[in-house]
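> Give me the fold of what follows.
(2 chains)
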Amino acid sequence: AQTVTQSQPEMSVQEAETVTLSCTYDTSESDYYLFWYKQPPSRQMILVIRQEAYKQQNATENRFSVNFQKAAKSFSLKISDSQLGDAAMYFCAYRNMMEYGNKLVFGAGTILRVKS
Amino acid sequence: GAVVSQHPSWVICKSGTSVKIECRSLDFQATTMFWYRQFPKQSLMLMATSNEGSKATYEQGVEKDKFLINHASLTLSTLTVTSAHPEDSSFYICSARDLYTETQYFGPGTRLLVL
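You can find the predicted model right below:
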């Protein structure tokens, strides 16, 4: 079974600084997607960034970028110029595109605190 | 962007009653919808996957007679918690996958408190 591991239960970052959230996953599949979702205090899940496994180039969305290391099965999220609004719980997720239903498998989450 | 709505946003009910939660994709069609349960400061736990016009697929350990799921159209799925008990109190989140883009969007969640 595929698993997603987020080893950092909590992280803190100073406003305007950069922080990296870690994520590793375990799979024997080759066709999969990886995601980072943000869940702020409102608890609305928001898609931050998506990476297709077949793409070598790391995905970027404004201040958010990933470091996708396929061989190491690592998928970290870098948040640059951190803002107070970035404070949330962040979930790394995996989706096997070859599996029927291809449901999302979530990590345990990392709480990110942003200090002003 | 695509929006998924959930209704009600929160509900308080007495033990033994049934509660229905609706999940709608407002501006896209979804053949597949998902229902999750989340406890405070924990991850989302997938309860079941529903496909339009067919029976839902439940995850191991989830009682299908307890959590009834109906996906009657491409824009609506419902979760009914039957004979609710205090241990069913939780935050329930639905998610809908866009038929054409395959992108999965999440609803705002429903807080259920069973007294």
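
> Chain B: strands as residue ranges?
In chain B, the strands defined using DSSP state E lie at B:4-7, B:10-13, B:19-25, B:32-38, B:44-51, B:57-58, B:67-73, B:76-81, B:90-97, B:104-106, B:110-114.

> okay if I get the ones you listed as TSV plus mean neighbour count and mean pLDDT?
For the C-beta atoms, the positions are set from N, CA and C on the backbone; glycine is no exception. As requested, the strands of chain B are exported to TSV (neighbours: other CB atoms under 10 Å in any protein chain shown; pLDDT from 0 to 100):
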stretch	mean neighbour count	mean pLDDT
strand B:4-7	18	96
strand B:10-13	14	97
strand B:19-25	21	97
strand B:32-38	23	96
strand B:44-51	21	94
strand B:57-58	18	94
strand B:67-73	17	92
strand B:76-81	21	96
strand B:90-97	24	96
strand B:104-106	24	94
strand B:110-114	18	97
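
> can you tell which of these is closest to chain A?
Judged by CB to the nearest CB, the one of the strands of chain B that comes nearest to chain A is strand B:104-106, at 3.7 Å.

> Is chain A within reach of the closest one?
Yes. Remark: strand B:104-106 sits within contact range of chain A at B:Gln104, B:Tyr105, B:Phe106, by CB under 8 Å from any CB of the partner chain.

> elements contacting that strand?
For strand B:104-106, the contact count by 3 or more CB pairs under 8 Å, 6 or more residues apart in numbering or on different chains; DSSP states H and E identifies strand A:46-52, strand B:90-97 as packing neighbours.

> The following helix or strand past the first one near chain B anywhere?
Meaning strand A:46-52. Along the chain past strand A:46-52, the next helix or strand (assigned with DSSP states H and E) turns out to be strand A:60-61. No. Looking at strand A:60-61 against chain B by CB under 8 Å from any CB, there are no contacts, and the closest approach is 13.3 Å.

> and strand A:60-61, which strands flank it?
Looking at strand A:60-61 with DSSP bridges, its partner strands are strand A:64-69 (antiparallel).

> mean confidence for the helix or strand following the strand it pairs with?
For strand A:64-69, the succeeding helix or strand toward the C-terminus, using DSSP H and E, is strand A:74-79. Strand A:74-79 shows a mean pLDDT of 98 in the predicted model.

> Please see if the following helix or strand past strand A:74-79 touches chain B.
With elements assigned by DSSP H and E, the helix or strand that comes after strand A:74-79 is strand A:88-96. Yes. Strand A:88-96 reaches chain B (CB under 8 Å from any CB) through A:Met89, A:Phe91.

> what's strand A:88-96 in contact with?
Strand A:88-96 is contacted from outside by A:2, A:4, A:6, A:21, A:23, A:25, A:27, A:29, A:31-41, A:45, A:48, A:75, A:77, A:102-107, A:109-112, B:41, B:43-44, using CB atoms under 8 Å, 6 or more residues apart in numbering or on different chains.

> neighbours around B:Pro86, how many?
Applying other CB atoms under 10 Å in any protein chain shown, we find 9 residues neighbouring B:Pro86.

> any idea how far chain A is from it?
Taken as CB to the nearest CB, to the nearest Å, the spacing of B:Pro86 relative to chain A amounts to 21 Å.

> quick one on the thing from earlier: give me the ChimeraX select line for the contacts of strand A:88-96, limited to the buried ones.
Selecting just the buried residues from the contacts of strand A:88-96 in ChimeraX takes one command, with 16 or more other CB atoms under 10 Å in any protein chain shown as the test:
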select /A:4,6,21,23,25,27,32,33,34,35,36,37,38,39,45,48,75,77,102,103,104,105,106,107,109,110,112 /B:43,44
